[in-house]
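Chemist: got a structure for you, letters missing:
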């Protein structure tokens, strides 16, 4: 019985260690997703800014003709 208890204790410890690794991986994944979302927001702002720059440029070119 003591042998079974020790084996089970070892298995439980292994499971806890594995769960810690999983939580670390989830945290890293969440940080990566957050960084990707921040980049997407910056790209969206740049695209919007370029749209207005192009509009203003086209208006200036038409008025100069």
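Modeler: Sure, I can see it. In this text the structure is predicted, and so the values were computed from the model without any measurement. Numbers count the residues shown, from 1 in each chain.

Chemist: how many neighbours does residue 34 have?
Modeler: 10 (other Cβ atoms under 10 Å). Just so you know, the C-beta spots here come from the backbone N, C-alpha and C atoms, and that holds for glycine as well.

Chemist: average pLDDT across the host helix or strand of it?
Modeler: According to DSSP states H and E, residue 34 maps onto helix 2-63. Averaging pLDDT along helix 2-63 gives 92.

Chemist: any idea how far that helix is from the chain center?
Modeler: 1 Å (Cα atoms, centre = their mean, to the nearest Å).

Chemist: may I see the buried residues of stretch 46-53?
Modeler: For stretch 46-53, a neighbour-count test (16 or more other Cβ atoms under 10 Å) marks nothing as buried.

Chemist: just stretch 10-30 next, same as before
Modeler: Buried-residue list, stretch 10-30, by 16+ other Cβ under 10 Å: empty.

Chemist: quick one on the thing from earlier: what packs against the helix holding residue 34?
Modeler: Applying 3 or more Cβ pairs under 8 Å, 6 or more residues apart in numbering; DSSP states H and E, we find helix 2-63 packed against no helix or strand.

Chemist: residue nearest the centroid of the chain?
Modeler: residue 33 (1.0 Å; Cα atoms, centre = their mean).

Chemist: distance of that residue relative to residue 3?
Modeler: As judged by Cβ to Cβ, to the nearest Å, residue 33 and residue 3 stand 45 Å apart.
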